[in-house]
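1. just need the structure, nothing else, for what follows:
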Amino acid sequence: MDIDALRSAHPDHWSKACAIRALAMDAVHAANSGHSGMPMGMADVATVLYERHLKFDAAAPDWPDRDRFILSNGHGSMLLYALLYLTGDPEISMEEIRNFRQWGAKTAGHPENFLARGIETTTGPLGQGLANSVGFAMAEENLRARFGRKLVDHHTYVFAGDGCLMEGVSQEAITLAGRQRLGKLVVFFDNNRITIDGTLDLADRTDQSQRFRAAGWHVQEIDGHDPAAIDSAITAAKKARRPSLIACRTHIGLGHPAQDTAKAHGALTDADQIAETKRAYGWEGDPFEVPGQIKTAWEEIGRRGATARAEWETRLAEASERRQAEFERVMARGTPRRLSARIKALKKQMAEDQPKVATRKSSEMVLELVNPIMPETMGGSADLSGSNNTRTGDLDVFDEGNRKGRYIHYGIREHGMAAAMNGMALHGGVRPYGGTFMCFTDYARPAMRLSALMRQPVVYVMTHDSIGLGEDGPTHQPIEHLAISRATPNTMVFRPCDTVETAEAWHLALEATGTPSVLSLTRQGVPTLRTEYKSKNLTAQGAYVLAEATGKRQALLLATGSEVAVAMAARDILQAEGIGTRVVSMPCWELFEDQDEAYRKRVLPAGPVRVGVEAAARLGWDRWLCGERGRESKAAFVGMEGFGASAPAATLFQKFGITGEAVAEKVKALL
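-> So this is what the prediction gives:
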């Protein structure tokens, strides 16, 4: 690569791009940690994108109609931080750049969306940002169809590397985007042919351009250091009526002695080599120093979108009062006033009718009330719509022929679905929910973790939640999955026992603004146990007394989901023998943990023996059985100790000993 030729051919561009490179080297050197090579290699593409194409206003980084920029190869985070600082983002100062990767800094090792408004999504696990971008683009399409181009009309741009494209989620993402013909999605492939272990051909020989073409994308291949070629490619991509890949042949660690080597992927910290590289760039000044005229030029780029933002604000102000209020409501994640009344009316009806239905059906009943009054909901399923009960009659299918559609056929792409839902939530204005079998949270797991980390209120409708699914057998019967979900910070895991609890769980999930929810729902029918209507949302307490002991209280039965009915059957047996038994329904452990000590003590007092009942692994249950005033010698668990089996549900519960009789025997043995 002839650095001198690049400098002389495009001097103004070169100086701006080198500001990114210099800051990246300085920050990584100061931290003695990070990844220098990617920002150095993609600085030219970033400079052209920001200077000539990206619609943004640095002074208002969360302006709703901005173009979105996603750094999927998040290890190159200093590229994003440098761009934010250079363009004048109010939250990323030079002090933040100096504190790269340090405690309390907004400039974390990988971008974290909640640290600064200019960071669109949390990336680092490779491929996630690329998969998020599909959700961003789908949200933009849906909102544009709903509110019109005057309020919503922007692009989603993504930087992705070899690692992003090798991760399996990328295939799910690019084929979904190709199927949906997301014409405002543009991905720049940082084709530097280097990975941590060495050259790319050690592990891969995929023709990525052909791969994207096969998925229905518009594809261009360019020199990633030629600003004219970059500009032309972006212009062409914006005209395409399908998603675009711009494969940019780049040099990782451009100009550094480690250029085009695996070493350049990581931290380039040798002071002499950094100085040598800067001399090759023609870059003068001390570390963390950007010449005034270059910083001014970048700040002008950051201000370029101010006019477009002001014009957009005028258009919003000119919209009807009702339209303005609705747009602002959905962007703020507010729920309509009618939601609470609808949920309460359903609870009252269920308490009266007392149907025996699967909680997956209960979920559908709730959605039939919710979707008509919350037009921001976008549902979907990973090819299990009829099993997950996620599509209600009022939802049309979202596709290239109907962008107002609110139901997405994700295909057999659990991971891609979850990551896309994260993107939709991050974009704003959309409340995504999607379904698959509880066992297949395994496939969605990386994106579910990021929902929690990024504080996004995605709703995961996970049905067929235990051996109760029956004949499909142990490959489909979740055992450890509740424990895994509960172990994830900032996640509400709901396992409702009937339609009333399901309605309450949905209400809480929809009112959440910074926490994802997992709804663990049955395939098999369960009886209505909340037969006395209460307007209060008892599920919001996490656990509560469903049935009190008659006579002296000697036993506490703690259960979730379909096993609450098992606990109630055990209570009948025990009470008939004079053993006073309280049943506690625990639909959401996380919310119970949040209650004060006094409430938890009222629900779980000291003294009685305790038996937990759940058709899943015991892991986590000892907190409630042995802690919280309980004793190990007076506690037991009825559940699963291994994998399930293929048989009808009733047979499985009998064979695995999850019955009222078995629970009653456990209690009597403890007494």
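2. name the helices or strands packed onto the one helix or strand Q220 maps to?
-> Using DSSP states H and E, Q220 sits in strand 218-223. Applying 3 or more Cβ pairs under 8 Å, 6 or more residues apart in numbering; DSSP states H and E, one finds that strand 218-223 contacts helix 208-214, helix 227-239, strand 244-249. The C-beta positions use only the backbone N, C-alpha and C, and glycine is treated the same way.
3. please identify the deepest-packed of those.
-> Of all the helices and strands packed on strand 218-223, strand 244-249 carries the top mean neighbour count, a mean of 23, counting by mean count of other Cβ atoms under 10 Å.
4. please state the backbone phi and psi of the nearest residue in space to G266 that is not next to it in sequence?
-> In space, and not counting its chain neighbours, G266 is closest to H35: 6.0 Å by Cβ to Cβ, 6 or more residues apart in numbering. H35 adopts backbone torsions of phi -140, psi 110, taken as degrees, to the nearest 10.
5. how far is stretch 500-519 from where the chain is centred?
-> 16 Å (Cα atoms, centre = their mean, to the nearest Å).
6. ok, back up a step: buried set for the strand holding Q220?
-> Buried residues in strand 218-223, counting neighbours by 16 or more other Cβ atoms under 10 Å, are found at H218, V219, Q220, E221, I222.
7. any idea which element Y460 lies in?
-> strand 459-463.
8. pull the distance from that strand to the chain's centre.
-> On Cα atoms, centre = their mean, the centre of strand 459-463 falls 13 Å from the chain's centre.
9. who's in contact with that strand?
-> 358, 360, 363, 381, 384, 387-390, 418, 431-438, 441, 444, 448, 451, 481, 506, 509-510, 516-523 (Cβ atoms under 8 Å, 6 or more residues apart in numbering).
10. filter the residues you listed down to the ones in helices?
-> Of the contacts of strand 459-463, the ones assigned to helices by DSSP state H are 360, 363, 387-388, 418, 441, 444, 448, 451, 481, 506, 509-510.
11. thinking again about what came up before, could I get the helices and strands packed on strand 218-223 as a markdown table with mean pLDDT and distance to R530?
-> Formatted as a markdown table, these follow (pLDDT from 0 to 100; distance: least, Cβ to Cβ, whole Å):
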| stretch | mean pLDDT | distance to R530 |
| --- | --- | --- |
| helix 208-214 | 98 | 51 |
| helix 227-239 | 98 | 54 |
| strand 244-249 | 98 | 52 |
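12. turn the ones you listed into TSV, including distance to R623.
-> Converted to TSV, these look like this (distance: least, Cβ to Cβ, whole Å):
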stretch	distance to R623
helix 208-214	47
helix 227-239	52
strand 244-249	49
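13. and the ones you listed: which comes nearest A565?
-> With Cβ to Cβ as the measure, helix 208-214 is the member of the helices and strands packed on strand 218-223 nearest A565 (50.0 Å).
14. from the contact counts, what lies against the helix or strand of the chain with the lowest mean pLDDT?
-> Within the chain, no helix or strand scores below helix 3-9, which has a mean of 89 by mean pLDDT, DSSP states H and E. Here helix 3-9 touches helix 271-281, going by 3+ Cβ pairs under 8 Å, 6+ apart.
15. skipping adjacent residues, who's closest to M586 in space?
-> Nearest to M586 is A543, by Cβ to Cβ, 6+ apart, at 4.1 Å.
16. so how far is P478 from the one you found?
-> 21 Å (Cβ to Cβ, to the nearest Å).
17. neighbour count: these two, which is higher?
-> P478 (28 against 25; other Cβ atoms under 10 Å).
18. residues near the nearest residue to A512 once chain neighbours are set aside, how many?
-> Ranked by Cβ to Cβ, 6+ apart and with sequence neighbours excluded, the top spatial neighbour of A512 is P457, at 4.3 Å. By other Cβ under 10 Å, 20 other residues sit near P457.
19. switch to numbering from 8
-> Renumbered: residue one is now 8, and that last one reads P464.
20. you'd agree P464 is up against A432?
-> Yes: in terms of Cβ atoms under 8 Å, P464 counts as a neighbour of A432; the distance is 6.3 Å.
21. shared neighbours, those two?
-> R438.
22. pLDDT weak spots in the protein?
-> Across the chain, the ranges flagged by pLDDT under 70 are 8.
23. 50 instead?
-> Nowhere does the chain drop to pLDDT under 50.
24. residue contacts, G412?
-> N149, L402, D403, V404, F405, D406.
25. cool, T535 as well?
-> Counted by Cβ under 8 Å, 6+ apart, T535 has contacts M357, A358, D360, Q361, P362, K363, D505, T506, V507.
26. again, only this time at 6 Å
-> Each residue near T535 by Cβ atoms under 6 Å, 6 or more residues apart in numbering is listed here: M357, Q361, D505.
27. tell me, how many residues neighbour the last one?
-> Burial measure for D505: 28 neighbouring residues, criterion other Cβ under 10 Å.
28. any idea how far it is from A313?
-> Distance from D505 to A313, by Cβ to Cβ: 54 Å.
29. ditto for E584
-> For E584 relative to A313 (Cβ to Cβ), the value is 77 Å.
30. correct me if wrong: the residue nearest to M593 contacts E597.
-> No: using Cβ atoms under 6 Å, A550 is not in contact with E597, being 10.6 Å away.
31. count of neighbours near G273?
-> Neighbours of G273 (other Cβ under 10 Å): 17.
32. secondary structure class for the residue nearest to A519?
-> coil (DSSP: H, G, I helix; E, B strand; the rest coil).
33. pull the CA atoms of whichever strand or helix holds M575 into CSV?
-> According to DSSP H and E, M575 maps onto helix 570-583. Extracted in CSV, the C-alpha atoms of helix 570-583 (Å, rounded to 0.1, in the frame of the first residue of the first chain):
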residue,chain,number,x,y,z
GLU,A,570,-46.8,-27.4,38.9
VAL,A,571,-48.8,-25.0,41.0
ALA,A,572,-51.7,-27.2,40.2
VAL,A,573,-49.7,-30.2,41.4
ALA,A,574,-49.0,-28.3,44.7
MET,A,575,-52.7,-27.6,45.1
ALA,A,576,-53.5,-31.3,44.6
ALA,A,577,-50.9,-32.1,47.3
ARG,A,578,-52.4,-29.5,49.6
ASP,A,579,-55.8,-31.2,49.3
ILE,A,580,-54.3,-34.5,50.3
LEU,A,581,-52.4,-33.0,53.2
GLN,A,582,-55.3,-30.9,54.5
ALA,A,583,-57.5,-34.0,54.5
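34. give me the buried positions along it.
-> Those would be E570, V571, A572, V573, A574, M575, A576, A577, R578, I580, L581, Q582, for helix 570-583 by 16+ other Cβ under 10 Å.
35. stretch 9-18 now?
-> In stretch 9-18, counting by 16+ other Cβ under 10 Å, buried: I10, L13, R14, H17.
36. those: which two are farthest apart?
-> That would be I10 and H17, which, of those, are the farthest apart (Cβ to Cβ) at 12.0 Å.
37. T506 against E371, yeah?
-> No: T506 is beyond contact range of E371, at 10.2 Å (criterion: Cβ under 6 Å).
38. those two: who's more crowded?
-> Taking other Cβ under 10 Å, T506 and E371 do not tie; T506 has more neighbours (30 against 20).
39. coming back round to it: quick one, which of E584 and A313 is more surrounded?
-> Set side by side, E584 and A313 show more neighbours around A313, with 15 against 10, by other Cβ under 10 Å.
40. roughly how far does that one sit from R156?
-> Taking Cβ to Cβ as the criterion, A313 is separated from R156 by 20 Å.
41. list the residues that contact the nearest residue to E174 once chain neighbours are set aside.
-> Nearest residue to E174 in three dimensions, chain neighbours excluded: G134, at 3.3 Å (Cβ to Cβ, 6+ apart). Contacts for G134 were tallied using Cβ under 6 Å, 6+ apart; they are C171, E174, V176, S177.
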